[in-house]
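Participant: predicted model follows, preceded by the sequence.
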Amino acid sequence: MAAARVTPPVPACDLYPRQVPGVEVHRRADDGAIVLRGGCRYVQVSARALEIWDALDGIANLRELAVRFSGTGAGGDVGSALVKLVRTLAQSGMITLEPPGSEPPAAVRKPAIPRRNALGAYLTFPLRPTVDAAYRLVGWAFHPAIVTVAAVIAIAGCAAFVLAPHRTLLLPSATGFAGLGLAMCIAVCMHEAGHALVLRHCGGIVSRGGVGWYWFSPTGFVDTSDAHLLPRDRRIAVCLAGPAVDLTLAGSAALGAAFAHDPRAAAWAWSFAAARYLGFLWNLNPLLELDGYYALTDLLGRPNLRQEGFAQLFRWRRPTDRIALAYGACAVVYGAAYVTFAVPALVRATLGAWLAPFVPAVIVAGLPVAAAVAAAAAVVSALGRSRLSRKREPPGRKRFGG
């Protein structure tokens with residue numbers, strides 16, 4: 001009996017990188033940065049990397065490409081830079097790595113969904129038609145007069161929240177807590193809608209959105225990666241659109257609480273305002289991959305600041321990028337403190353303030369339902385036993401489904 005032939009693996013340097021059709025090359029108007037867009041994936045490259053991109057036609061392998069570009073005057077280690085670029089493009093679905101003698105791909109492979117943080121699990125769905133329809137309905141809200149009114153409400157609401165702290169001593173009822181939870185869900189949707197509509201107003205597209213779990217809390221998101229093609233001021237505007245919506249909602253609720261005559265209504269509005277102000281501060285936190293972080297990276301022109309910071313922090317060589325090192329150290333310390341102190345405190349506060357008002361109502365409404373279910377189960381069990389005692393089946397046979 002002949003032994004099976006084992007095909008040896010092809011060395012990485014002998015693979016032939018080939019562009020996937022449909023990848024677009026964009027150059028930003030403000031800083032001239034070059035961005036490759038393939039489906040939902042975006043990769044910013046340098047001018048030298050663009051020359052390498054143009055040469056990825058599947059004719060030359062990585063070894064030949066390294067030899068070709070080593071004589072073009074490129075500084076640094078051309079081989080390692082080429083491997084890093086090819087790895088990034090392959091992970092983004094913009095190129096394929098083919099073994100020797102392979103044929104060109106017959107169909108275009110759909111780019112993969114971007115990978116996210118290990119602490120986040122996401123369920124995504126398409127959003128572009130919905131965002132386009134919503135922008136046609138509420139595009140008038142971007143008129144300068146409307147934006148000015150929203151800014152006045154936000155500033156006045158902050159003043160009312162600070163100058164009337166006695167309202168915070170009131171707590172909503174159990175029904176009020178249920179309504180507050182529903183209002184918070186709507187506020188999160190409005191926060192994400194702010195990002196999507198501002199990006200659409202600036203000329204970008206919102207391909208998808210989703211819900212999931214991030215840093216021990218449920219969350220929602222919209223994919224605003226198309227903002228990479230916009231100038232820096234518009235990218236920052238897209239990042240800050242969600243917190244601006246939070247600030248406006250919180251200001252409106254704070255003003256309503258300050259002028260409300262019903263104490264329960266004032267307590268509900270004040271609790272909603274406090275929650276949205278906390279959400280505003282949370283989203284501006286630059287030490288997590290939230291709106292404040294992306295605004296900071298656009299402001300500094302460092303799109304990979306978090307990854308560079310961790311690379312500087314956890315390598316043995318002497319660090320060369322002090323900004324990235326400082327950010328990485330602050331992010332690690334904050335993450336450790338948040339998991340150690342903030343998460344247990346939030347769990348205790350949630351159990352004490354949010355679930356406690358529901359316990360009496362759940363007991364009062366749940367006991368009759370539980371008793372009825374138990375009685376019905378007992379009746380069904382008794383009827384089943386009596387039926388089986390009257391009609392026994394032969395041993396060894398089992399019936400499923402009657």
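Facilitator: Noted; the coordinates are in hand.
Participant: helix, strand, or coil at the residue minimising distance to the centre of the chain?
Facilitator: Closest residue to the average C-alpha location of the chain: F221 at 4.7 Å, with Cα atoms, centre = their mean. Of the three states, F221 takes strand under DSSP: H, G, I helix; E, B strand; the rest coil.
Participant: quick one, grab the pLDDT at it.
Facilitator: Per-residue confidence (pLDDT) for F221: 84.
Participant: go ahead and confirm it touches A193.
Facilitator: No - using Cβ atoms under 8 Å, F221 makes no contact with A193, being 11.8 Å away. Where you see a C-beta, it was placed from the backbone N, CA and C, and this is true even at glycine.
Participant: between those two, which contacts overlap?
Facilitator: Common contact partners of F221 and A193 (Cβ atoms under 8 Å, 6 or more residues apart in numbering): none.
Participant: would you mind giving the domain segments of this structure?
Facilitator: With domains defined by automatic domain parsing, the chain comprises 12-98, 121-303, 363-388.
Participant: can I get these in TSV including distance to F341?
Facilitator: Shown next, in TSV, are the domains of the chain (distance: least, Cβ to Cβ, whole Å):
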stretch	distance to F341
domain 12-98	36
domain 121-303	13
domain 363-388	32
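Participant: which stretch in those domains is the model least sure about?
Facilitator: Among the domains of the chain, domain 363-388 scores lowest, at a mean of 53.
Participant: may I have the phi/psi pair for Q44?
Facilitator: Main-chain torsions, Q44, degrees, to the nearest 10: phi -90, psi 130.
Participant: where does the nearest residue to it once chain neighbours are set aside sit: helix, strand or coil?
Facilitator: Closest residue to Q44 apart from its sequence neighbours, by Cβ to Cβ, 6 or more residues apart in numbering: V35 at 5.1 Å. Assigned by three-state DSSP, the conformation of V35 is strand.
Participant: do I have it right that V35 meets A227?
Facilitator: No - V35 lies out of contact with A227 (Cβ under 8 Å); the separation is 10.3 Å.
Participant: who has more neighbours out of these two?
Facilitator: Using other Cβ atoms under 10 Å as the criterion, V35 and A227 rank with A227 on top: 25 against 19.
Participant: check contacts around that one.
Facilitator: L199, C202, G204, R234, R235, V238, C239.
Participant: and those residues, which two are the farthest apart?
Facilitator: Using Cβ to Cβ, those span at most 12.5 Å, a distance reached by G204 and C239.
Participant: shared neighbours of the two, anything?
Facilitator: Listed as contacting both G204 and C239 by Cβ under 8 Å, 6+ apart are T224, A227.
Participant: of those two, who's got more company?
Facilitator: Using other Cβ under 10 Å, the more surrounded residue of G204 and C239 is C239, with 26 against 21.
Participant: now the helices: where do they sit in this structure?
Facilitator: Remark: helices assigned in the chain by DSSP state H are 47-54, 62-70, 78-91, 128-138, 144-163, 174-201, 232-259, 263-283, 291-300, 305-313, 322-337, 343-349, 358-390.
Participant: any chance of the ones you listed in TSV, plus distance to R208?
Facilitator: TSV is the format used below for these (distance: least, Cβ to Cβ, whole Å):
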stretch	distance to R208
helix 47-54	25
helix 62-70	33
helix 78-91	19
helix 128-138	8
helix 144-163	27
helix 174-201	10
helix 232-259	16
helix 263-283	20
helix 291-300	17
helix 305-313	22
helix 322-337	27
helix 343-349	29
helix 358-390	35
